[in-house]
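Q: build the 3D model from these lines:
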Amino acid sequence: MKTARVFLLKKLLFLLYPITLWPCGCLWAYDYPIKDPFLATVVGTPPEQQVKLSHNTIREAILGLPDKTVKGAPDIFWNVIKPRFKLAWQEKPAPLIFIIAGTGGRFDTSKVEFLKKVYYQAGFHVIQISSPASYDFVVSSSRNHRPGLTQQDSEDLYRLMKASVRRVRTFKKIEINGWYLTGYSLGALEAAFVARLDSEQKVFGFNRVLLVNPPVDLRRTMDSLDRLLLVDVQGVDNATTLFNHFFDKLAAYLRTHKSIDLDESLMAQVGKSAFDMSREELALLIGVDFRLVVASLYFTASAMTWDGNLIPRGFKLTRSDSRTPYLKRAMFCSFECYMDKMLVPYAQQQKGHPDQQEAHSMQRALIFEQSGLPHLESWLKTARHVGVMHNVDDFIIDKKGLDFLYDTFGGRIKIYPAGGHMGNMKYHQNIRDMLRFIKGKGFPDA
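A: From the prediction side, this is the model:
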């Protein structure tokens, strides 16, 4: 009863106060130090306040699925023509957790690597899975090479997860005594769809599923990220915002790391400390970062489908061809633009609908409707093994989205007063709460 009363009081406070003034701290102490959501998103958690992890050796390997090699892919994708994932294993019987990367992230991006260490130290086997929006997944693991339809992406993920376990069993004789799933950002949304799919097919029977900073309404999330490109930065006009201010440095980072991650190495590439950047510059950096992820997705999807939108129809890029000119063109395409050029025509073709403007608009609205958490609302309300962690000041979600999470998850949710988008993921209290929920306990103070 006490837990229920606390939850109802927190819900009441949330409804009474504007989102930016929600006084979470009056109910439980939370000392994450960075209060600006853009700065928190870029710099994360100060090292002295991060969870302390051991430096023990992790038994791990990157494994491929040679029987799933993609045929006919352009030569430029020679190194990702078979699905790959990363495994970390214990030498004793242990539960296994799948980690799905955030928007455009590969299985070995820094946030996934951090979560791997957390769960490995907690005694889990770990399988790391790329985001469906990453270029390697688009090439080798997406059936239609057009990620963005959440239901289809979750089916692709689920198929890869099942195949990865079969591959693990041929690589190493490990004993698995439980199944778990987590994802962050877009990977959290996809984890919810995967969990619902597994509840029907019952391959794993997940003990716990944790969604970290998921988008709720996908259209609202994409619009929010695109609006970050409209901020006014001193000395930067519309003609130079994308290309001269950040594009070349972020593109160089993307070539080296294969996916974008707001981490220390990215800031080194930008050549400026986040603490020296204005709030507007930070917002622009986050916006350009997201737009470059969409551009990479659009480029890869176009190259794999030869649709003629971005790359001349039938032209197969080789290893010696530069992708930069295509990425620069793709940078002018928002996620909704990518949807209009790649996803809506594909969905209409699948259903045999005519390509008329009214039908096009209706199909776009239907894709957004079917790709957010509200599409799973009825199931999520009864899925007692699924929980959520989020931040009040995360710019990918609004008050309506947070209301939805409270109403849907009840006591299976933990909302923090600060942290931006994923900025507090390494904070010691967040990791404590994360492990408590995954190990079958409730969120403290929930």
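
Q: C-alpha only now, for contacts and for neighbours.
A: Will do.

Q: packing partners of the strand of greatest length in the chain?
A: In the chain, assigned by DSSP state E, the strand with the most residues is strand 176-184. Secondary-structure packing of strand 176-184 (3 or more C-alpha pairs under 8 Å, 6 or more residues apart in numbering; DSSP states H and E): strand 94-100, helix 186-201, strand 208-212.

Q: what about the longest helix in the chain?
A: Counting by DSSP state H, the longest helix found in the chain is helix 279-305.

Q: tell me the mean pLDDT for the helix or strand just after that helix?
A: Counting by DSSP states H and E, the next helix or strand C-terminal to helix 279-305 is helix 324-330. The average pLDDT within helix 324-330 is 83.

Q: which parts of helix 324-330 are buried?
A: 326-328, 330 (16 or more other C-alpha atoms under 10 Å).

Q: contacts for that helix?
A: Residues from elsewhere that reach helix 324-330, judged by C-alpha atoms under 8 Å, 6 or more residues apart in numbering: 243, 251, 292, 294-296, 298-299, 310-311.

Q: where's the dip in pLDDT among those residues?
A: Phe243 (49).

Q: grab the most central residue of this protein for me.
A: Nearest residue to the geometric centre of the chain (C-alpha atoms, centre = their mean): Gly102, 2.0 Å.

Q: if I look at it, how far off is Val168?
A: 23 Å (C-alpha to C-alpha, to the nearest Å).

Q: any weak-confidence spans in the stretch 151-300 of the chain?
A: 232-274 (pLDDT under 70).

Q: rerun that using 80 as the cut-off
A: 229-277 (pLDDT under 80).

Q: you'd agree Pro214 is up against Gly187?
A: Yes - the pair Pro214 and Gly187 qualifies as a contact (C-alpha atoms under 8 Å) at a distance of 7.4 Å.

Q: quick revisit: switch the helices and strands packed on strand 176-184 over to TSV; also include distance to Ala88 and mean neighbour count.
A: Below are those laid out as TSV (distance: least, C-alpha to C-alpha, whole Å; neighbours: other C-alpha atoms under 10 Å):
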stretch	distance to Ala88	mean neighbour count
strand 94-100	9	24
helix 186-201	19	22
strand 208-212	19	25
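
Q: among those, which comes closest to Pro33?
A: Among the helices and strands packed on strand 176-184, the nearest to Pro33 by C-alpha to C-alpha is strand 208-212 (19.6 Å).

Q: following the helix or strand Ile367 falls within in sequence, what is the next regular element?
A: In this assignment (DSSP H and E), Ile367 forms part of helix 357-370. Remark: after helix 357-370, the chain's next helix or strand is helix 377-382, criterion DSSP H and E.

Q: which positions in that following helix come out as buried?
A: 377, 380.

Q: which one of the helices and strands packed on strand 176-184 lies nearest to Ser378?
A: Comparing these by C-alpha to C-alpha, helix 186-201 comes nearest, at 10.7 Å.

Q: what helices and strands are in contact with that closest one?
A: With contacts taken as 3+ C-alpha pairs under 8 Å, 6+ apart, helix 186-201 sits against strand 94-100, helix 150-171, strand 176-184, strand 208-212.
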